[in-house]
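Q: just to be clear, the model below is a prediction. Sequence and coordinates:
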Amino acid sequence: MDSATAPAQERHTAEFLRVKGLAERGVASAQHSLGFMYVNGQGVPQDYNLAVSWYRRAAAAGLEQAQYNLGVMYQKGQGVVQDHAQALYWYGCAAEQGYAPAQYNLGWLHAKGLGTAVDVHQALHWFRQAAEQGDAGAQHNLGLMYEGGKGIAQDQEAASMWYRRAAEGGYARAQFALALRYDSGQGAARDPSQALAWMRRAADQGHAPAQFNLGLRYDKGQDVEQDSAQAVHWYTRAAEQDHLSSQFNLALVHDSGHGVPRDEEAALKWYRRAAEGGHAGAQDNLGLRYEHGQGVARDAGLAAHWYRKAAEQGLPAAQYHLGQLFDAGQGVERDPEQAAAWFEQAAEQGHLRAQFDLGLRCEAGNGVPQDTARALDWYRRAAAQGYAPAQHMVGALLEREDQGDPREAAEWYRKAAEQGHALAQFALALRYDSAHGVERDYEAAHFWYLCAARQGHARAQFNLGVMAAAGQGTQRDPVAAYGWLHRAAAGGIAAATPYQKRLAARMAPLQLAQAQVHTEGL
């Protein structure tokens, strides 16, 4: 025994003997103290069975603290078989005597339906009894009940009042709840400075959701100056308590190097911890890393494993990624039907690429029955989100459909063309060239041919050459025409070469020489 600790242990032992003597003579307060000593191993080896025995004697004598602690033992199953009904009984005995901790626990059992049926009115009654005595946990729970209208009419101002009373008593969860109310202006005038102050007080006490929210504010520069180092600090404090969103956001910050040195190893560590904890976004990101070999050895099987975990939680990005693996037969056996099934789940949730890919599959009959109408529906959904390839496909399908509207097709081509989609630019130019779905407009046709041609569209280059040679929609320019025809020929347009030869035969020698110089190296 260490000489520095021996006197203290001797005093504890002597105190134990003194208390034990009083307890054996029937002094209820001593019986309770003796039970407390056995629970905590204070001056005696820890023994839950003996603790229960002494608590029971003091409780039977009517001592409210002992009744409460006996209820705790039954609730936790320490020294007795766990029995919520017995916990409810002993908490009730202490609560009726006005013991606030017992009133709080009694309210909690009624709220959760442990040892009794769920009874929000009883929960409200006992929380209020404890709250009026200053029990911060009960005050917070009373705030929750007023906020949600559970067992009482919803009253946001009353909720804020109870949250404030608990918050001022140092209760971290209430401090966080009060911060959120100042942030949203619910039940209190919106006040970002008050929100930040209460958020910080809760965070300083180690409340992980408050730490996460404080990190998020520094990360985004919301009501504070953007500070990635502070964001990492608060995310880390919450992440170390296994707060999944903090772990995920911490990984994102390290992964992007936004405001801090990029650290792929730290990013992988936190992605993995969040993924193992069940965070769907982290599972999807971990799958991407295994699929592409980023920071880990490439492993399509592990990619499929993590994608599936996230997909089964309903994350559309993971459902789409898993569908891609089934489509390619990577990490899983190739299965077009499974691929289509996962694409559909993602598409139904609005995943843009899944909607577009599902449209392609319905159009081709790949993994699903061939169905042009269904393909058009999925293309439309993706097109409505502004996806240019889908907008182009809506236009293309409308043109092929017997009941299609050429004017609507032209409008969808325009939407895609304005986003720089070369095929749509060419299709729109053709419509202006042929007066199909729009009024004939050679200048507009020339403009859209030019847009597509500059992106390497060979047929647009050919048509542009023809227009420049004829002066249609633009000034006649044989040199420019020769250049565009040359590019079209190089792009595989067979008609471009003879047209170019006929044009050359009509050109003045100086023009032809100039055109040939311009096409050298093209």
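A: That came through, no problem.
Q: hey, let's count contacts and neighbours off CA atoms from now on
A: Noted.
Q: per-residue confidence for the nearest residue to residue 511 once chain neighbours are set aside?
A: Here the nearest residue to residue 511 in space, its sequence neighbours aside, is residue 479; by CA to CA, 6 or more residues apart in numbering that works out to 6.5 Å. Residue 479 carries a pLDDT score of 93 in this model.
Q: quick one: residue 479 from residue 471, how far?
A: With the distance defined as CA to CA, to the nearest Å, residue 479 ends up 12 Å from residue 471.
Q: who's more crowded, the two?
A: Relative neighbour count places residue 479 above the other of residue 479 and residue 471, with 22 against 14, counting by other CA atoms under 10 Å.
Q: correct me, but that one touches residue 513?
A: No - the criterion here is CA atoms under 8 Å, and residue 479 misses it with residue 513 at 9.3 Å.
Q: one step back: contacting residues for the residue nearest to residue 511?
A: 511-512, 514-515 (CA atoms under 8 Å, 6 or more residues apart in numbering).
Q: from residue 156, how far off is it?
A: 76 Å.
Q: need the contacts of residue 479 in CSV with secondary structure, pLDDT and distance to residue 215, can you?
A: As requested, the contacts of residue 479 are arranged in CSV below (DSSP: H, G, I helix; E, B strand; the rest coil; pLDDT from 0 to 100; distance: CA to CA, whole Å):
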residue, secondary structure, pLDDT, distance to residue 215
511, helix, 88, 67
512, helix, 91, 67
514, helix, 88, 64
515, helix, 85, 62
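Q: can I get the host helix or strand of residue 199 in PDB, CA atoms only?
A: Mapping residue 199 onto the secondary structure by DSSP states H and E places it in helix 192-204. C-alpha atoms of helix 192-204 as PDB (Å, rounded to 0.1, in the frame of the first residue of the first chain):
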ATOM      1  CA  PRO A 192     -27.500  35.000 -34.300                       C
ATOM      2  CA  SER A 193     -25.200  36.300 -31.600                       C
ATOM      3  CA  GLN A 194     -27.300  34.700 -28.900                       C
ATOM      4  CA  ALA A 195     -27.400  31.500 -30.900                       C
ATOM      5  CA  LEU A 196     -23.700  31.500 -31.200                       C
ATOM      6  CA  ALA A 197     -23.200  32.200 -27.500                       C
ATOM      7  CA  TRP A 198     -25.400  29.400 -26.300                       C
ATOM      8  CA  MET A 199     -24.000  27.000 -29.000                       C
ATOM      9  CA  ARG A 200     -20.500  27.700 -27.700                       C
ATOM     10  CA  ARG A 201     -21.500  27.200 -24.000                       C
ATOM     11  CA  ALA A 202     -23.000  23.800 -24.900                       C
ATOM     12  CA  ALA A 203     -19.900  22.900 -27.000                       C
ATOM     13  CA  ASP A 204     -17.500  23.900 -24.300                       C
END
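Q: and stretch 81-95, average pLDDT?
A: Computed over stretch 81-95, the average pLDDT equals 98.
Q: stretch 401-413 too?
A: The model assigns stretch 401-413 a mean pLDDT of 87.
Q: tell me the buried residues in that stretch?
A: Of the residues in stretch 401-413, those buried under the neighbour-count criterion (16 or more other CA atoms under 10 Å) are 406-413.
Q: and which of the residues you listed is nearest to residue 226?
A: Residue 226 has its nearest neighbour among those in residue 412, at 40.7 Å by CA to CA.
Q: the closest one and residue 389, how far apart?
A: 10 Å.
Q: beyond the helix or strand hosting residue 162, next helix or strand please.
A: With the criterion set as DSSP H and E, the secondary-structure element containing residue 162 is helix 156-168. For helix 156-168, the following helix or strand on the C-terminal side (DSSP H and E) is helix 172-184.
Q: sec struct for residue 395, please.
A: Counting by DSSP: H, G, I helix; E, B strand; the rest coil, the backbone at residue 395 sits in helix.
Q: which pLDDT value goes with it?
A: What the model reports as pLDDT for residue 395 is 96.
Q: go on, the one 3 residues further on?
A: Reading off the per-residue confidence, residue 398 sits at a pLDDT of 93.
Q: repeat that for residue 3.
A: 40.
Q: do residue 150 as well
A: Reported pLDDT at residue 150 in the predicted model: 88.
Q: how about residue 6?
A: The predicted structure lists residue 6 with a pLDDT of 45.
Q: check contacts around the most centrally placed residue in the chain.
A: The centroid of the chain falls nearest to residue 281 when counting by CA atoms, centre = their mean (6.0 Å). Contacts for residue 281 were tallied using CA under 8 Å, 6+ apart; they are 248, 275, 310, 315.
Q: related to what we said a few turns ago, for the buried residues of stretch 401-413, which one is nearest residue 319?
A: Checking the buried residues of stretch 401-413 against residue 319 by CA to CA gives residue 412 as the nearest, at 28.2 Å.
Q: for the closest one, give its distance to residue 405.
A: Residue 412 sits at a distance of 11 Å from residue 405 (criterion: CA to CA).
Q: what touches both of the two?
A: The contact lists of residue 412 and residue 405 share no entry, where a contact means CA under 8 Å, 6+ apart.
Q: before we move on, which element is the closest residue to residue 273 other than its chain neighbours in?
A: With CA to CA, 6+ apart as the measure, residue 247 is the residue that lies nearest to residue 273, at 7.1 Å, once sequence neighbours are left out. Residue 247 belongs to helix 244-256 when assigned by DSSP H and E.
Q: what's the spacing between whichever helix or strand comes after that helix and its chain's center?
A: Past helix 244-256, further along toward the C-terminus, the next helix or strand under DSSP H and E is helix 264-276. The chain centroid and the centroid of helix 264-276 are separated by 16 Å under CA atoms, centre = their mean, to the nearest Å.
Q: how about stretch 213-227?
A: Taking the mean of its C-alpha atoms, stretch 213-227 sits 18 Å from the chain's own mean (CA atoms, centre = their mean).
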